[in-house]
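> here is a sequence together with a model predicted from it:
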Amino acid sequence: IARLHQGMEEHLDCVLPGALMQWQFQARMPLIRSDLAVLGKNSPPNVSEGFLDWHSVDFLSETVLAGWLYVLEGSALGGAVIYKHLRQVLAADKADQLRFFRPYGNNPVNHWREFQQRLLAVANTHPDAPTQIIDAANQAFDWYARAILESIPIQNRPWALTRSPVTLARWRSFLHVGGS
């Protein structure tokens, strides 16, 4: 996941400086690095190079940016559930120092509601906007799946008999999720 966040955040800083701040998005890479330090782990090296082709994502389009941020901001809601689990398995004081799974504190719902208002405003800018947002969100979900899959050692992937690229269809099959 660090590879995905690092690449996206670096690319957006180059292409659209300040875009994430306009959306009140909390960058995740500083949180990942901080959490790893709390856990006594090394910070990941610069791992975004060559991972995904960020230049193929048209972040200059506000609908594309909105679709990607829908996925990233939605993950903060899921992160709240993961954080509750971390409090059960780690010492509470250590878990309370971790920020990646709760980038907006202990109540991400207020931030999510504000984000939804901005998202709806973008969706209402023109007739094709909702479809463009959905397409971009699907791309972000696909890239998240790839980031997760590539973090699993090949020998631990149930379908991995060769080192051929893993497709999203295999990922969905593995998770028993519908869709194409």
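Structure's in. What do you need? Residues are numbered from 1 along each chain as shown.
> residue closest to the middle of this protein?
When CA atoms, centre = their mean is applied to the chain, the residue found nearest the centroid is Leu72 (4.2 Å).
> buried stuff in the host helix or strand of that residue?
Element membership for Leu72, per DSSP states H and E: helix 62-89. For helix 62-89, burial by neighbour count (16 or more other CB atoms under 10 Å) applies to 62-76, 79-80, 83, 86. In short, each C-beta sits where N, CA and C put it, glycine included.
> which stretches in this structure count as helices?
2-15, 19-22, 29-38, 62-89, 92-97, 108-123, 129-151, 168-175 (DSSP state H).
> next, format those helices as CSV and append mean pLDDT.
Shown next, in CSV, are these (pLDDT from 0 to 100):
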stretch, mean pLDDT
helix 2-15, 82
helix 19-22, 80
helix 29-38, 91
helix 62-89, 90
helix 92-97, 87
helix 108-123, 92
helix 129-151, 87
helix 168-175, 50
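> on that earlier part again, ok, now which ones touch the residue nearest to the centre of the chain?
5, 8, 25, 28, 140 (CB atoms under 8 Å, 6 or more residues apart in numbering).
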